[in-house]
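**Q** what follows is a predicted protein model with its sequence.
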Amino acid sequence: MNSLPRLFIGIFVVFLFAWGGLVAMPYLQLGGLQPQADEEGNQFPPARDPLAEEGAQVYAANGCMYCHSQQIRPEYAGSDLGREWGVRRTVPRDYVNDRPVFLGTMRTGPDLTNVGLRLQDPLWHHRHLYNPQSMVNWSIMPAFRFLYKVQRVKGKPHPDGFAMVGDPTVPEGHEVVPTKEAKALVAYLISLKRDYALKEAPVTPTEP
Amino acid sequence: MSATLQTTVAKPSASTEAEGEVVQRVEVDASCRIPVLFFFSSAICWLLLGSLFGFLASWKMHNPGILDDWSWLTWGRVRVAHLNMVAYGWASQAGIGTGLWLMSRLCRAPLRAPGVTVVAGIFWNIGVTVGIVGILAGHSQSIEWLEFPAYATPLLFVAYALIGIWAVLMFVNRRPGHVYVSQWYLLAAFLWFPWLYGTANVLMQAFPLKGVTYGAVNWWYAHNVLGLWFTPIGLASAYYMIPKVIGRPVHSYYLSALGFWTLALFYSWNGMHHLIGGPFPIWLITASVVASFMMLIPVLTVAINHHMTMRGHFGLLASSPTLRFTVFGAMVYTLVSLQGVTMAIPVWNKITHFTHYTVGHAHLGMYGFFTMTMFGAMYYIVPRLVGCEWRSPLMIKWHFWLSAYGIIFMVASLSLGGFLQGSYLLDKDYTFKQIVEGTLGFLQLRSVSGIALACAHLVFAFHFVLMLLRLGRKGGEATYFNSPETGA
């Protein structure tokens, strides 16, 4: 192994081999995947509205996925279904609208694949983001107060504003108003619903 | 000046060297002085900064209220900044510096136009800085190991391409003769990294990837940056330093070759074991699980080769700092790789996936193996570049023990905490509250171990600055913990 050409070819071929297997092949198999339409022309997964799409960028900017995964593994691989984080495993088609995709590799916090089904109230999310421990007292989630403005209530309260009674960062007579980023993030979280049936991932009705 | 250099150069191998070869080494060292010291200095700056951010991220995990008013310091950005600082600021630059010097020494050819590598190094640092500021400002791409915003990556790529080309050119212009195993690893690493980094970034930014194909490219890159960039450099350094310090050739050429090619072949297929159970075709995951298992071959090959080389010379660990750090790194390499094999096996992965156990594994690899090996290399290389010896064996001792105990405690607390977290997660009767509260103590322990590592780095950085200022011991023999038995 003393000659550069021979070493180079070996080094290059090995690289190409793995690239072909782990990058090119999955792309060939999955790159053309499209949403699935039902008889009425509804697309699954449904496209996100622009605000929720913006929220995905807020999710990325603040590193949410380093604590929260977005994938439901089948029964043999974990207890995701048992914890009722989803009604079925997630499949590649669930993510065709996502760019990038927040599958995640860590569960310091719970999985968010279907958080929009579990927690549908925007106000709950806003309060939770503003002060996580006010909603879940044992939580170790950091607060995202920087996505909100605290302002004095002058006359009529702000239409998006809300009170945080007992929170030391919100003095009396003040309200918390979400910024556009906060609203986008909450819209994104509520949009996370992967409970529709796909032909490769049917939803079996649960026993009552 | 050249007289002091000559004595330090001739020392470690302790065999009689031909006068001509000594002169050659002096030339090599002189040509590498500025660029290698530049890479080492900036690497150490990033190491200190990275330690600070790592500590902050760790502390925030059990005290989420710390510094949470400012978006720039929210946990999700600090954690990402930490990873990128230590991976691209510290580890890559320590690796580039070590790699350039080793390549030059082994090719018996001085580094030509060293100014170009310094310019590349400056661009590299600008790229990392821009990337880190971008992450803290909220422009992270949220793709693990590829978080740098799109505007920082071309800078890094160009800087790296220049460095890589220079390393390959050195190989082309080498003096005729035997090509040593470290040279294969270095040549491969200097070629693989730009291909990897370039391909991943082009696919993610210029090419309209969507959905889970992102995940595949992500983990193909993220695992290969370890397997095809950091690991080969760490092994190249170990393959050089161990025989050099103990003064005997590496045990087996054939094992070296087997280890190199099987590493290349199997490591490159490992990435998808981070996605077991995920929304991917089963063949893809299975291919990576099998490749992970096959890693037993290169890992055991290298372990046997190093062990057989060391046999009968373990006593030298008590005296040589370079050897102690390098052998610690080489042993951890075996350990962490075997651990990696077990973690890819689905039954065990079921527990460790999505937990701090994986974080512990990553630290064991990047710190216990790679960083310790780089410390070992720096203890060897720096005196040859600055012309004086490390001032204080005591400081090196403190550095070693703080680093060694620090990383052992860190990995132990993360592994135990992660095992608990994983076992609880798997049993749906445990509530999430129980899981969070159960792991909290381990996360606090991890922060304490982080303090030990940060102290180790401060000691080392201080010692390094003394060397840069030529405040080391002038002349005499290399700095040992205690006097080695002579006569080898």
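**A** In hand now; what should we look at?

**Q** when you work out contacts or count neighbours from here on, use the C-alpha atoms and nothing else.
**A** Fine.

**Q** longest single helix anywhere in the chain?
**A** I went with chain A, as the question did not name one. When chain A is parsed with DSSP state H, its longest helix is helix A:4-19.

**Q** try chain B instead
**A** Scanning chain B for the longest helix, with DSSP H as the assignment, gives helix B:19-62.

**Q** contact partners of the longest helix of chain A?
**A** The contact list for helix A:4-19 (CA atoms under 8 Å, 6 or more residues apart in numbering or on different chains) reads A:1, B:171-172, B:184, B:188, B:192, B:220, B:264-265, B:268-269.

**Q** in it, which residues are buried?
**A** Neighbour-count burial for helix A:4-19, counted by 16 or more other CA atoms under 10 Å in any protein chain shown, picks out A:10-11, A:14-16, A:18-19.

**Q** closest to B:Pro114 out of those residues?
**A** Closest approach to B:Pro114 among those (CA to CA): A:Ile11, at 25.9 Å.

**Q** which elements pack onto the helix or strand following the longest helix of chain A?
**A** Later in the chain than helix A:4-19, the nearest helix or strand by DSSP states H and E is helix A:25-30. With contacts taken as 3 or more CA pairs under 8 Å, 6 or more residues apart in numbering or on different chains; DSSP states H and E, helix A:25-30 sits against helix B:212-225.

**Q** same thing but at 10 Å, please
**A** Judged by 3 or more CA pairs under 10 Å, 6 or more residues apart in numbering or on different chains; DSSP states H and E, the packing partners of helix A:25-30 are helix B:212-225, helix B:282-294.

**Q** can you count the residues close to residue 115?
**A** With no chain named, the answer covers chain A. For A:Val115, the count of nearby residues is 20 (other CA atoms under 10 Å in any protein chain shown).

**Q** the chain in question should be chain B.
**A** Residues within reach of B:Gly115, counting by other CA under 10 Å, total 14.

**Q** hmm, it is touching B:Leu162, no?
**A** No. Between B:Gly115 and B:Leu162 there is no contact under CA atoms under 10 Å: 11.3 Å.

**Q** any common contacting residues for those two?
**A** Common contacts of B:Gly115 and B:Leu162, defined by CA atoms under 10 Å, 6 or more residues apart in numbering or on different chains, comprise B:Gly121.

**Q** looks to me like A:Val176 is in a helix.
**A** No. According to DSSP: H, G, I helix; E, B strand; the rest coil, A:Val176 belongs to no helix; its state is strand.

**Q** same list, the contacts of helix A:4-19, but as JSON lines with pLDDT and distance to B:Leu49 please.
**A** Shown next, in JSON lines, are these (pLDDT from 0 to 100; distance: CA to CA, whole Å):
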{"residue": "A:Met1", "pLDDT": "62", "distance to B:Leu49": "41"}
{"residue": "B:Phe171", "pLDDT": "93", "distance to B:Leu49": "34"}
{"residue": "B:Val172", "pLDDT": "91", "distance to B:Leu49": "37"}
{"residue": "B:Trp184", "pLDDT": "95", "distance to B:Leu49": "32"}
{"residue": "B:Ala188", "pLDDT": "96", "distance to B:Leu49": "30"}
{"residue": "B:Trp192", "pLDDT": "96", "distance to B:Leu49": "27"}
{"residue": "B:Trp220", "pLDDT": "96", "distance to B:Leu49": "28"}
{"residue": "B:Ala264", "pLDDT": "96", "distance to B:Leu49": "32"}
{"residue": "B:Leu265", "pLDDT": "96", "distance to B:Leu49": "35"}
{"residue": "B:Ser268", "pLDDT": "96", "distance to B:Leu49": "31"}
{"residue": "B:Trp269", "pLDDT": "96", "distance to B:Leu49": "33"}
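
**Q** looking at the helices and strands packed on helix A:25-30, which is buried most?
**A** helix B:212-225 (a mean of 25; mean count of other CA atoms under 10 Å in any protein chain shown).

**Q** just want the angle from it to helix A:4-19.
**A** 140 degrees (axes from the mean of the first three to the mean of the last three CA atoms, to 10 degrees).

**Q** let's verify A:Gly86: helix, strand, or coil?
**A** coil.

**Q** contacts only, for it.
**A** Listed by CA under 10 Å, 6+ apart, the contact set of A:Gly86 reads A:71-73, A:80, A:111-115, A:117-118, A:193-195.

**Q** sec struct for A:Val150, please.
**A** Under three-state DSSP, A:Val150 falls in the strand class.

**Q** beta partners of it?
**A** A:Val176 (DSSP bridges).

**Q** which stretches in chain A count as strands?
**A** A:36-37, A:43-44, A:148-152, A:174-178 (DSSP state E).

**Q** so which of those is the most surrounded?
**A** Buried most deeply of these, by mean count of other CA under 10 Å, is strand A:174-178, with a mean of 22.

**Q** average model confidence for that strand?
**A** When pLDDT is averaged along strand A:174-178, the result is 96.

**Q** for that strand, packing partners?
**A** helix A:122-130, strand A:148-152, helix A:180-191.

**Q** after the longest helix of chain B, which helix or strand is next?
**A** Next helix or strand after helix B:19-62 toward the C-terminus (DSSP H and E): helix B:75-84.

**Q** could you export the helix or strand just after that next one as CSV, CA atoms only?
**A** Of the helices and strands lying after helix B:75-84 in sequence (DSSP H and E), the nearest is helix B:92-107. The C-alpha coordinates for helix B:92-107 follow below in CSV (Å, rounded to 0.1, in the frame of the first residue of the first chain):
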residue,chain,number,x,y,z
SER,B,92,-11.0,19.4,14.3
GLN,B,93,-8.3,22.0,14.8
ALA,B,94,-6.4,19.8,17.3
GLY,B,95,-6.7,17.1,14.7
ILE,B,96,-5.6,19.3,11.8
GLY,B,97,-2.5,20.5,13.7
THR,B,98,-1.6,17.0,14.7
GLY,B,99,-2.3,15.6,11.3
LEU,B,100,-0.2,18.2,9.4
TRP,B,101,2.8,17.6,11.7
LEU,B,102,2.5,13.8,11.6
MET,B,103,2.1,13.9,7.8
SER,B,104,5.1,16.1,7.4
ARG,B,105,7.2,13.9,9.8
LEU,B,106,6.2,10.7,8.2
CYS,B,107,6.6,11.9,4.6
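
**Q** quick one: the helix or strand just after helix B:92-107 to chain centroid distance?
**A** Next helix or strand after helix B:92-107 toward the C-terminus (DSSP H and E): helix B:114-136. How far helix B:114-136 lies from its chain's middle: 18 Å, per CA atoms, centre = their mean, to the nearest Å.

**Q** picking up where we left off before, got the CA positions of the longest helix of chain A in CSV?
**A** Extracted as CSV, the C-alpha positions of helix A:4-19 are listed here (Å, rounded to 0.1, in the frame of the first residue of the first chain):
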residue,chain,number,x,y,z
LEU,A,4,-1.1,7.0,-3.9
PRO,A,5,-3.4,5.9,-6.7
ARG,A,6,-4.1,2.6,-5.1
LEU,A,7,-4.8,4.1,-1.7
PHE,A,8,-6.9,6.9,-3.2
ILE,A,9,-9.1,4.5,-5.2
GLY,A,10,-9.6,2.4,-2.0
ILE,A,11,-10.5,5.4,0.1
PHE,A,12,-12.8,6.8,-2.6
VAL,A,13,-14.6,3.5,-3.3
VAL,A,14,-15.3,2.9,0.4
PHE,A,15,-16.8,6.4,0.7
LEU,A,16,-18.9,6.0,-2.5
PHE,A,17,-20.1,2.6,-1.3
ALA,A,18,-21.5,3.9,1.9
TRP,A,19,-22.9,7.0,0.3
